[in-house]
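> sequence and predicted structure, then a few things I'm wondering about:
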Amino acid sequence: MTGVVERLKKRWFLISLVIVFSVGLVFHDSLTPIPEMKLLRSTIVFVVLYLMALPLSLKAISSGLRRPAGALLSIVMNYGLLPLVAYAVSLAITDAQVSKGLLVAAVTPCTLASASVWTRKAGGNDSVSILVTLLTNLLCFLIAPLWLLFYFGSSEGAEAISINAMVVKLGTLVVLPMALAQITRVHKPTATWSTDHKKYFSIAAQCGILSMVFMGAIKVAPELIAAGTNKGLMLVLVTVVSVLVVHSSVFWVGLWTGKALQLPREDYIAVGFAGSQKTLMVGLLICMELKVLVIPMVLYHVCQLFIDTIFADHLVEQTKAEDGDEAHVESQSVESP
């Protein structure tokens with residue numbers, strides 16, 4: 001029983017994700033005005049990204065800069081290959097809203113926490129993941145609008161937001177809070193305090209993300225209900241398959257490319273995770289601004305957490321096996337006359 005409780009505690013965010021999404025769907029009629037409160041949405045995004053960036057250590061970032069090849073390859077994977085793979089997959093999707101949602105998910109930056117966590121769990125270099133996280137989030141206000149322009153053309157955003165306005169909004173709500181967080185860390189006692197309490201910052205930020213998921217569920221509820229149960233389930237199934245194909249293919253291509261380029265093992269492991277993970281908060285913001293279905297973004301985030309757990313465990317076992325083989329070879333060479 002204790003083991004079950006501990007597992008539930010570890011998965012509290014995913015469980016809460018399902019609960020808040022379900023509540024938003026069921027009670028959407030009486031909650032319709034909430035997602036339309038743009039100031040509330042913007043404030044949540046700003047605060048969440050500030051809280052998530054505050055514990056990021058400049059020491060880890062400088063460590064990543066000393067071996068920049070892994071970070072550069074990760075950025076190419078995250079902002080170059082992944083959007084192209086998503087575009088190819090989207091051509092096979094008949095539902096326009098799912099297709100658009102997948103493309104929006106593809107242009108968001110790397111996750112602010114989980115990429116480094118999974119990299120570390122798999123025995124990789126988390127300083128590379130942290131550097132990629134910082135750079136992709138700082139660059140997203142330029143790169144995401146360009147990809148959206150490529151995908152949809154200049155007219156797509158006309159109903160909600162122009163590309164120029166998107167640059168300003170992402171700069172204000174993503175780049176600015178991250179920059180402010182790092183400026184705050186210049187004060188050493190504050191930097192030490194925020195690092196020591198990063199667990200609580202993470203919990204607060206995840207609560208903010210849940211509130212955005214809640215708003216997204218309220219917005220998408222009428223479309224899902226109108227689609228009916230069978231079509232709704234098919235929509236979810238197609239989305240899950242699509243995000244798994246995109247995420248997994250880029251993960252392994254990044255890993256194998258890093259290996260082919262003879263990067264250190266811990267660096268190419270970081271490339272796999274940092275090159276394929278996408279942040280939920282920025283994706284939800286773009287989806288809601290462009291009136292695009294949020295389900296692909298939410299499912300991308302959920303699926304990457306589950307599948308990367310499997311990938312991390314596989315890499316750990318692979319490392320143990322390789323270390324065991326090396327130890328066996330060494331022992332044989334010592335024993336031989």
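Great, that's in hand.

> residue ranges in the stretch 1-150 of the chain under the pLDDT threshold?
1 (pLDDT under 70).

> right, and residue 295 touches residue 236 too?
Yes. Assessed by C-beta atoms under 8 Å, residue 295 is found in contact with residue 236 at 7.0 Å. C-beta: built from backbone N, CA, C; applies to glycine.

> neighbour count for these two, which is higher?
Neighbours were counted for residue 295 and for residue 236 using other C-beta atoms under 10 Å; residue 295 has more, 25 against 15.

> next, the buried residues of the helix or strand that residue 167 is a member of.
Per DSSP states H and E: residue 167 is located in helix 163-170. For helix 163-170, a neighbour-count test (16 or more other C-beta atoms under 10 Å) marks 163, 166-167, 169-170 as buried.

> number of residues surrounding residue 34?
For residue 34, the neighbour count with other C-beta under 10 Å is 16.

> what strand or helix carries residue 112?
If you go by DSSP H and E, residue 112 is not part of any helix or strand.

> for the helix holding residue 167, what is the average pLDDT?
When pLDDT is averaged along helix 163-170, the result is 82.

> ok, residues contacting it?
Under the contact criterion C-beta atoms under 8 Å, 6 or more residues apart in numbering, helix 163-170 has outside partners 42, 140-142, 144-145, 148-149, 154, 157, 161, 282, 285-286, 289.

> can you tell me the closest non-neighbouring residue to residue 142?
Excluding the flanking residues, the one nearest residue 142 by C-beta to C-beta, 6 or more residues apart in numbering is residue 167, at 6.7 Å.

> how close does that neighbour sit to residue 19?
35 Å (C-beta to C-beta, to the nearest Å).

> circling back: next SSE after the helix holding residue 167?
Trace forward from helix 163-170 with DSSP H and E and the next one is helix 176-184.

> need the residues that contact that following helix.
With contact meaning C-beta under 8 Å, 6+ apart, helix 176-184 is reached by 46-47, 49-51, 53-54, 56, 58, 134, 137-138, 190-191, 194.

> inside helices: which ones of those residues?
46-47, 49-51, 53, 58, 134, 137-138, 190-191, 194 (DSSP state H).

> list just the nearest of those to residue 81.
Nearest to residue 81 among the ones in helices among the contacts of helix 176-184 is residue 137, at 18.4 Å by C-beta to C-beta.

> quick one: average pLDDT of the helix or strand containing residue 270?
Secondary structure from DSSP H and E places residue 270 in helix 265-274. Per-residue pLDDT over helix 265-274 has a mean of 95.

> dihedrals phi and psi, residue 122?
Residue 122 adopts backbone torsions of phi -90, psi 0, taken as degrees, to the nearest 10.

> OK, contacts around it?
Each residue near residue 122 by C-beta under 8 Å, 6+ apart is listed here: 269, 273, 311-312, 315-316.

> now the buried members of the contacts of helix 176-184.
Applying 16+ other C-beta under 10 Å to these, the neighbour count classes 46, 49-51, 53-54, 56, 134, 137-138, 191, 194 as buried.

> in TSV, list the residues you listed along with distance to residue 180.
Output for the buried ones among the contacts of helix 176-184, formatted as TSV (distance: C-beta to C-beta, whole Å):
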residue	distance to residue 180
46	9
49	10
50	6
51	11
53	8
54	9
56	12
134	13
137	13
138	12
191	13
194	12
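
> and the furthest pair within those residues?
Spatially, the most separated pair among the buried ones among the contacts of helix 176-184 is 46 and 191, at 20.4 Å (C-beta to C-beta).

> which parts of the stretch 101-250 of the chain are helices?
Under the criterion DSSP state H, counting those that start in this stretch, the stretch 101-250 of the chain contains helices at 114-121, 126-152, 163-170, 176-184, 188-196, 198-227, 229-260.

> wait, which of the ones you listed is closest to residue 89?
Closest approach to residue 89 among the helices of the stretch 101-250 of the chain (C-beta to C-beta): helix 229-260, 5.3 Å.

> can you give me the angle that closest one makes with helix 198-227?
Computed by axes from the mean of the first three to the mean of the last three C-alpha atoms, to 10 degrees, the angle separating helix 229-260 from helix 198-227 equals 140 degrees.
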